[in-house]
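Chemist: Model the following, please.
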Amino acid sequence: MTCQQFADKFPEFRSQLLSLTDRVTADGHLKSCQDCQTLVRAYDKTLALLASAKPRYLSEVPIAGIVEKLKVRLGL
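Modeler: The predicted model follows:
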């Protein structure tokens, strides 16, 4: 497996949707390829940062009563 093939299959790899044959091939490539190991670490770090991020705008938007206000505006 090449790095490009690994990158192409990466979403399925991380979602555990690869066939057994493809999974074994991808795992073998990953064990021996520093570049793809870096890709996986960067992806994991990005997910961790996104999971821990708190959007600023959520604390600035008054949530209370928004459903009722929308219903009134929509005439429901």
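
Chemist: Please enumerate the strands of the chain.
Modeler: Per DSSP state E, the chain carries no strands over any range.

Chemist: Show me where the chain dips below the pLDDT cut-off.
Modeler: Along the chain, the model assigns pLDDT under 70 to residues 54-64.

Chemist: if we go to 80?
Modeler: 51, 53-76 (pLDDT under 80).

Chemist: Output the contacting helices and strands for whichever helix in the chain runs longest.
Modeler: Ordering each helix of the chain by length in residues (DSSP state H) puts helix 34-52 first. In terms of contacts (3 or more Cβ pairs under 8 Å, 6 or more residues apart in numbering; DSSP states H and E), helix 34-52 is packed against helix 3-14, helix 20-32. In this view, the C-beta of every residue, glycine as well, is placed from N, C-alpha and C.

Chemist: how far away is the spatially most central residue of the chain from residue 71?
Modeler: Residue closest to the average C-alpha location in the chain (Cα atoms, centre = their mean): residue 47, at 5.7 Å. According to Cβ to Cβ, to the nearest Å, residue 47 and residue 71 sit 36 Å apart.

Chemist: before we move on, what about residue 13?
Modeler: Residue 13 sits 44 Å away from residue 71, going by Cβ to Cβ.

Chemist: How about residue 46?
Modeler: For residue 46, the distance to residue 71 - Cβ to Cβ - is 38 Å.

Chemist: now swap in residue 52 and tell me
Modeler: 34 Å.

Chemist: Please identify which of the two sits among more neighbours.
Modeler: Comparing residue 52 with residue 71 by other Cβ atoms under 10 Å, the one with more neighbours is residue 71, at 10 against 7.
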